[in-house]
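Quick one, what's the 3D model for this:
(chains A and B)
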Amino acid sequence: MIDKERIREALKTAINYSTADQLEVIASSRNIALTRFSNNYIHQNVAETNMSISIRAVVGKRLGYASTNRLDKDSIENVVDKAIENAVHRPPDLDFVSLPEPKQITERDLIARSTIEYTPKERAADVLKFINIVSPHNLVAAGAFSTGYSTIGVANSLGASAVEVISEAELKAVVMSDTSSAYASAISTSASNIDIERLATIAKETAIAAQNPIELAPGRYTVVLSPDAVADMISFMAFAGFGALSLQEGRSFMKDRFGEKILSPLVSIWDNAFDPNTIGLTFDFEGVPKQKIVFIENGVAKGVCYDSYTANKEGKESTGHALPAPNTYGPLPLNLVMAAGDSSLDDMIKSCERGILVSRFHYTNLEDPIKTILTGMTRDGTFLIEDGEIKTPIKNLRFTQSIIDALSRVELISRDRILKDAILGAVFVPWVKISEFNFTGATQF
Amino acid sequence: MKDLALLALDVAKTYGATYADIRIVEKQSESIAIKQGRVEELMTSTNYGFGVRVIADGAWGFAGSFLVEKVEIERIARLAVEIAKASAMIKKENVSLSPAKVVQDTYKSPMEIDPFKVPLEDKLALLSRAEEIVRKTPGVSISSASMNISREKKIFANLEGSYIEQEIIESGASLDAIAIKGNDIQERSYPNSHGGDVATAGFEFIKDLKLEDHAEQIATEAVQLLSAKECPSGEFTVILGGDQLALQIHESCGHPTELDRVLGMEASYAGTSFLTLDKLNKFQYGSPIINITADATIPGALGTFGYDDEGIPAQRFDIVKDGIFVGYLTSRETALVLGQQSNGCMRADGWSRIPLIRMTNVNLLPGNSSLEEMISEVKDGLYLTTNRSWSIDDKRLNFQFATQIGWEIKNGKLGAMVKNANYTGITPDFWRSCDAIAGENEWRVWGLPNCGKGEPTQIAHVAHGTAPARFRNVRVGVGR
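Predicted coordinates:
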């Protein structure tokens, strides 16, 4: 990979130049192109080439940070100087112990060369294929298809060093009629794994089935949630409580509950960068190899993830979940996996006397991080289930629901799972059936 | 630098572009965050690059790079044209732009104190003093303070002959207090939540916020909220503080009036808009006292600039006039749909992104009441202020907001403090229920530095001028 050696060189230049007691360097490059379409034509089409280098300098117990996207030798030396200068001018952080010691990392690139070299014409051809499947049915497609790759390297002056490359291809699209919409999305390291025809066909069928929705009064309903909706919910839960900083600050719902059953015994959630179904680096942004961390096992709260700072505070080892420094979020999981069940979407619908099938959530947001109260809308295909069958499309509803309470009432989980893009990286999740989900409002479409 | 800009335009033209522009952008920023007495962040960043946007074969293409060098500029200009030609494989009609004046000008945000020249020690001391007061207030669990400053220098040039240099300075700060007891978590922020307040101004803006003077109040309120009563559920008359109204305007008025969203160009991300073209100049958006403007000329406001990223001068225009919806935020391309010229709302998040239609400063104009008078006229209601969470549907109709704090209003007087308040509604019903807005002396502009839009995602810095306002029959205490 062209950029990999350049990234290694940048890491080395910064480390060798530094006069700080310890130094950490994150260097990266990004080459991404995105073709965006709406109203069945391409309306935006962009490409970006960028590099950046970010420094954490340690002087005694003082830490300073600086970054730039110029990677020539002078600029790298300047940014190291600036980070040291920032460190010197601040008071010491008495809880800081050290940057992490080096650990064995077996570098793993996740690349598909065809995706790295994907051309604007190839992306346009894929988009055209998608549009040609939906447009004969008086449907309108809008979406984005992106291809490219990122190279990320981390090193510190104690000897940690790793560089990996990941190629990525992602399609997200809505398909709309006058009275309905549907959603299709897929993410992979290779564009050849994005099955345009299948995604367009499913979205087309859902958009047709969702036409002319009826109003349904809000209330508590059994829901069958699609992987998109589950990914949203799990990501917000992780953001609110699966990181050690949220625990140490007393704002995690996991607080004082380890070993306790907090969710349905059907629910297990972990983070594992080595799961072949996820996409990610094998090391974190401090150069620590990622470990598999189980957060919830059969409904029981088991653990949280750590970076070196939060680990040192408790006399523990980092689990390899640091975000780029500096950040105010603390460590977070970026490769979440939810355990499969033994059901299927069909079984869930058949077992439902009266309930709602949710294709997707929209604009979700936490109202309360400890009670994990989440509000948001349904979107892109919401259906009433009656007597084990999809009865009719319904207008979108608003929910206001504690995630923890909802996941305590899980009835069924599907065997099949899908990788979905969410607020915390890509999440590998199933369909889930939950009772008494609290819909609190309705909209006009 | 002008040579490099003109080179990009020449190359684009040579390879077949009928329109081209280039933006060369350098942004320098500094962020400081203190939490629990510890400096959590002290970061200096620079980001430099250029983006070339072209129309070729009647379709759009864009490419950007961090290497501002002759060879790379030529490569990127050619790539932008190649991308445009690929776009032309699926086009509806040729892209046309509404006419724009050729401009050769410079613009610089006015400021009194260059924030980059203020010693780090002084900035740390200012934040530390305020954060310490919060931290030492009994009952506070997490105290934090932050400051962000930036200087963006940008050059815009297009094939039509415009050449504009701008320098935008931004300064902002925030202070937060979080109190936790069991599973009850309460937060108070000053001057606003989600990053405080930010302006296109120098360090004088941060000094004038007087964080230290407000530290004790927000710390005390965060602790008091732990023992406050739960916000009741039901329909109430609600008075919203100006800070909460800023986000209400942002989500339910600003976004739905973006013409690209209305035309479906954002459908795949945050959605479309209920304010369809047939509603222009006809639709009763709010009660007759509702007047909303977009005004990119307010001195010091976060959404203020000299020219947008298509070279259109900053301007002020009406969005809602006497309750009627009368105007969209537009670009050169979309304005043609209305037979108009752009009103200057195209803004890009740095060199690596294309300009999109973004809010500037979208403002609810002041009324003739006051907070005191509005409260005195309410028998049984609530006063809610400072945003805690926000959500709105994909046509901008059904919204739900939670606020950090509230007070009951009983018989014309503020009563007990309430916690965990939220409220919900449907956009036009809500704005039609507005029966009073406070006057000019309670009106101020709130900077909002985190407006997301587009794919790849872009973050815009916008602002909203508001004064407290009163709404009837609002559903409160949802899902409790």
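
Show me where the stretch 201-350 of chain B has its helices.
Along the stretch 201-350 of chain B, counting by DSSP state H, counting those that start in this stretch, helices occupy B:203-209, B:211-226, B:242-249, B:259-262, B:332-335.

same thing with the stretch 51-200 of chain B?
Using DSSP H, counting those that start in this stretch, the helices of the stretch 51-200 of chain B run over B:70-87, B:120-135.

likewise chain A?
Secondary structure of chain A (DSSP state H): helices located at A:2-17, A:73-88, A:113-116, A:120-134, A:196-209, A:227-241, A:244-248, A:308-313, A:345-350, A:403-408.

which one of the ones you listed lies closest to chain B?
Ranking the helices of chain A by their distance to chain B (criterion: CB to the nearest CB) puts helix A:120-134 first, at 3.5 Å. In short, each C-beta sits where N, CA and C put it, glycine included.

and the closest one, what does it pack onto?
Using 3 or more CB pairs under 8 Å, 6 or more residues apart in numbering or on different chains; DSSP states H and E, the elements in contact with helix A:120-134 are strand A:22-38, strand A:41-59, strand A:140-156, strand A:161-176, helix A:196-209, helix B:70-87.

Now do it and strand A:140-156, the angle between them.
140 degrees (axes from the mean of the first three to the mean of the last three CA atoms, to 10 degrees).

List the buried residues in helix A:120-134.
Neighbour counts over helix A:120-134 (16 or more other CB atoms under 10 Å in any protein chain shown) mark A:120, A:122, A:123, A:124, A:126, A:127, A:128, A:130, A:131, A:133, A:134 as buried.

ok so, going back, redo the helices and strands packed on helix A:120-134 as JSON lines? Include mean neighbour count.
As requested, the helices and strands packed on helix A:120-134 are exported to JSON lines (neighbours: other CB atoms under 10 Å in any protein chain shown):
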{"stretch": "strand A:22-38", "mean neighbour count": "24"}
{"stretch": "strand A:41-59", "mean neighbour count": "24"}
{"stretch": "strand A:140-156", "mean neighbour count": "24"}
{"stretch": "strand A:161-176", "mean neighbour count": "24"}
{"stretch": "helix A:196-209", "mean neighbour count": "19"}
{"stretch": "helix B:70-87", "mean neighbour count": "22"}
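
closest one to residue B:36 among those?
With respect to residue B:36, and counting by CB to CB, the nearest of the helices and strands packed on helix A:120-134 is strand A:41-59 at 19.5 Å.

Roughly how far does whichever residue of the stretch 51-200 of chain B sits closest to chain A sit from residue A:237?
The nearest approach of the stretch 51-200 of chain B to chain A comes at residue B:86, 3.5 Å away (CB to the nearest CB). Distance, residue B:86 to residue A:237, by CB to CB, to the nearest Å: 40 Å.

Please read off the pLDDT at residue 1 from the model.
As the question left the chain open, I've gone with chain A. Looking at residue A:1, its pLDDT is 52.

was after chain B, sorry
On pLDDT, residue B:1 comes in at 89.

ok, now the one 10 residues further on?
Looking at residue B:11, its pLDDT reads 98.

Same question for the one 10 residues further on.
With respect to pLDDT, residue B:21 scores 98.

was I right about it contacting residue B:310?
Yes. Residue B:21 is in contact with residue B:310 according to CB atoms under 8 Å; the separation is 7.2 Å.

hang on, the earlier thing: and the helices and strands packed on helix A:120-134: which comes nearest residue B:7?
helix B:70-87 (5.7 Å).

ok, back up a step: right, so of the helices and strands packed on helix A:120-134, which gets closest to residue B:447?
Residue B:447 lies closest, by CB to CB, to one member of these: strand A:41-59, at 26.2 Å.

picking that back up, what's the closest of the buried residues of helix A:120-134 to residue B:78?
Checking these against residue B:78 by CB to CB gives residue A:120 as the nearest, at 11.8 Å.

pLDDT wise, what is the residue nearest to that closest one when sequence neighbours are not counted at?
Spatially, and ignoring its direct neighbours in sequence, residue A:120 is nearest to residue B:86 (3.5 Å; CB to CB, 6 or more residues apart in numbering or on different chains). On pLDDT, residue B:86 comes in at 98.
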